[in-house]
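Novice: Using only what follows, build the 3D model:
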Amino acid sequence: QAAGKVVVMDFTAEWCLNCKALEAGVLHQPPVVALLGGGDVVPMKVDLTGDNPDGKAKLKELAWVGIPLLAVFGPGVGYDAAAALKYDTYTVQTVEAAVRQAGGAAAQARP
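Specialist: Numbers count the residues shown, from 1 in each chain. From the prediction side, this is the model:
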């Protein structure tokens with residue numbers, strides 16, 4: 001947050017079939033892998049498979065009940081829970097657009 005980076009939080013669990021489908025069909029696709037691996041993005045996987053009180057607390061803070069959830073924060077939208085871009089289903093294009101929006105003016109200027 002202090003560095004002005006985009007934060008992408010993927011809430012998932014081993015038992016969540018929809019999470020696994022989104023992981024394979026979207027998050028592991030080359031354009032998203034490249035985007036999330038860029039220096040301006042901090043990807044975070046929040047695994048709720050076992051006892052993860054911090055992960056569950058963050059999910060509650062985001063006012064979200066279940067998973068999958070992709071939450072995107074950044075200087076273009078803010079870093080608080082109310083400002084997060086939240087998706088329970090998404091495509092490669094959705095993730096790209098969310099990262100651009102969360103990145104703000106600097107991300108908008110990039111091709």
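Novice: Quick check: buried residues in the top helix by length along the chain?
Specialist: In the chain, with assignment by DSSP state H, the single longest helix is helix 92-103. For helix 92-103, burial by neighbour count (16 or more other CB atoms under 10 Å) applies to 94, 95, 98, 99, 100, 101, 102, 103. For the C-beta atoms, the positions are set from N, CA and C on the backbone; glycine is no exception.
Novice: sec struct for residue 67, please.
Specialist: coil (DSSP: H, G, I helix; E, B strand; the rest coil).
Novice: Chain neighbours aside, what residue packs nearest to residue 1?
Specialist: Of all residues not flanking residue 1 in the chain, residue 79 sits nearest, at 4.8 Å (CB to CB, 6 or more residues apart in numbering).
Novice: Could you report the pLDDT at that neighbour?
Specialist: Note for residue 79: predicted pLDDT of 96.
Novice: Wait, it touches residue 7, no?
Specialist: Yes: using CB atoms under 8 Å, residue 79 makes contact with residue 7 at a distance of 7.3 Å.
Novice: and the residue nearest to residue 1, how many neighbours does it have?
Specialist: By the criterion of other CB atoms under 10 Å, residue 79 has 14 neighbours.
Novice: Distance of it relative to residue 99?
Specialist: For residue 79, the distance to residue 99 equals 14 Å [CB to CB, to the nearest Å].
Novice: what stretches of the protein score poorly on pLDDT?
Specialist: For the chain, the stretches flagged by pLDDT under 70 are 105-111.
Novice: Tell me the bridge partners for the residue positioned nearest the centre of it.
Specialist: Geometric centre of the chain, nearest residue: residue 8, 3.0 Å, by CA atoms, centre = their mean. With DSSP bridges as the criterion, residue 8 is bridged to residue 43, residue 72.
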